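Novice: Below are the sequence and a predicted model for it; my questions follow.
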Amino acid sequence: MSDATTSKTIIVTGAGSGIGYAVAKAFLDRGDNVVLNGRTEAKLQDAAKQLGHADQIAIAPGDITQAQTGQQLVDLAVKRFGRLDVLFNNAGIFEAKPFTDYSADELDGYLGYLRGTFLGSQAAAQQMRRNDGGTIINITTILALNGVKAIPSSAPIAAKGGINALTKSLAIELAPDNIRVNAVAPGIVPTPLYGDLSDEQRDALHAMQPLGRYGEVSDIADAVLYLADASWVTGVILPVDGGVAAGGDGTAGVAA
């Protein structure tokens, strides 16, 4: 059970699996309260059952790309737990393909998550101003920092580039309100988005990384926990990629 005098309240979008699930678990395990968001209620219910900590969890199904969803998540956090301390904008989609193969509808789909990050952060910031501040953490990718020939992905990267710019802009604008804004830029972190990988595929992914292995969702969760607590860090886009952004072989970098 969480201690209401010390615990934080966190909203995690895309919490049903992968990185979102791991981040939710990390916050819950240290005694924080978590609002789990995702598009499918049944998936969220299953995730909540696996996570345990029932008294620390609120479930909020909804599509974050829709204008009203961010405000609904904030309202639920305050109603259930009394405050909001951290928003983790994690929900997203990804498919690599040649630039000329993306349709206008696909581009709109990716840009919808930029819109959702913008509007969700707007609702969170308004609430955090009523408290003593808070922190917004976005998920991006090292592909938005360094183009990789082997992974053409212009449509999702256009959206992630917008999230990078939004992160830095909000870090400055919201600093007087004691609201910190940062982002985590994962490298290769196999999640359900990757599908089932063979042992050969996994070995190949490991070999791409300067540190000799691809990432685990726990690596990203560690980075998110750090940014949630680092009271003098804002405007940072933090690569968590096994060293690829520092000068790997140029073949790694798919965000989960």
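Specialist: Arrived safely, thanks for sending. Numbers count the residues shown, from 1 in each chain.
Novice: any chance you could map the strands in the stretch 101-250 of the chain?
Specialist: 134-139, 179-186, 237-240 (DSSP state E, counting those that start in this stretch).
Novice: Give me the secondary structure label for residue 87.
Specialist: Look at residue 87: counting by DSSP: H, G, I helix; E, B strand; the rest coil, its state is strand.
Novice: need the strands of the stretch 101-250 of the chain in JSON lines with mean neighbour count, can you?
Specialist: C-betas here are computed from N, CA, C, even on glycine. Formatted as JSON lines, those follow (neighbours: other Cβ atoms under 10 Å):
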{"stretch": "strand 134-139", "mean neighbour count": "26"}
{"stretch": "strand 179-186", "mean neighbour count": "26"}
{"stretch": "strand 237-240", "mean neighbour count": "20"}
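Novice: Pipe these into JSON lines and attach mean pLDDT per row.
Specialist: Output for those, formatted as JSON lines (pLDDT from 0 to 100):
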{"stretch": "strand 134-139", "mean pLDDT": "98"}
{"stretch": "strand 179-186", "mean pLDDT": "97"}
{"stretch": "strand 237-240", "mean pLDDT": "96"}
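Novice: Make a markdown table out of those and add distance to residue 18.
Specialist: Shown next, in a markdown table, are the strands of the stretch 101-250 of the chain (distance: least, Cβ to Cβ, whole Å):
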| stretch | distance to residue 18 |
| --- | --- |
| strand 134-139 | 10 |
| strand 179-186 | 10 |
| strand 237-240 | 14 |
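Novice: Let me know whether residue 73 touches residue 62 as I believe.
Specialist: Yes - counting by Cβ atoms under 8 Å, residue 73 does reach residue 62; the two are 7.2 Å apart.
Novice: who's more crowded, these two?
Specialist: residue 73 (25 against 19; other Cβ atoms under 10 Å).
Novice: mind checking the SS state of the more buried one?
Specialist: For residue 73, the assignment made with three-state DSSP gives helix.
Novice: For it, give me its contacts.
Specialist: Applying Cβ atoms under 8 Å, 6 or more residues apart in numbering, we find residue 73 in contact with 11, 13, 35, 37, 60, 62, 120, 123.
Novice: One more pass at 6 Å, please.
Specialist: Residue 73 sits next to 11, 35, 37, 60 when contact means Cβ atoms under 6 Å, 6 or more residues apart in numbering.
Novice: need the helices for the stretch 101-250 of the chain, in chain order.
Specialist: Applying DSSP state H, counting those that start in this stretch to the stretch 101-250 of the chain gives helices spanning 104-128, 154-174, 199-208, 217-229, 244-247.
Novice: Redo these as a markdown table? Include distance to residue 66 and mean pLDDT.
Specialist: What follows is the helices of the stretch 101-250 of the chain, written out as a markdown table (distance: least, Cβ to Cβ, whole Å; pLDDT from 0 to 100):
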| stretch | distance to residue 66 | mean pLDDT |
| --- | --- | --- |
| helix 104-128 | 8 | 96 |
| helix 154-174 | 16 | 96 |
| helix 199-208 | 34 | 69 |
| helix 217-229 | 24 | 97 |
| helix 244-247 | 33 | 80 |
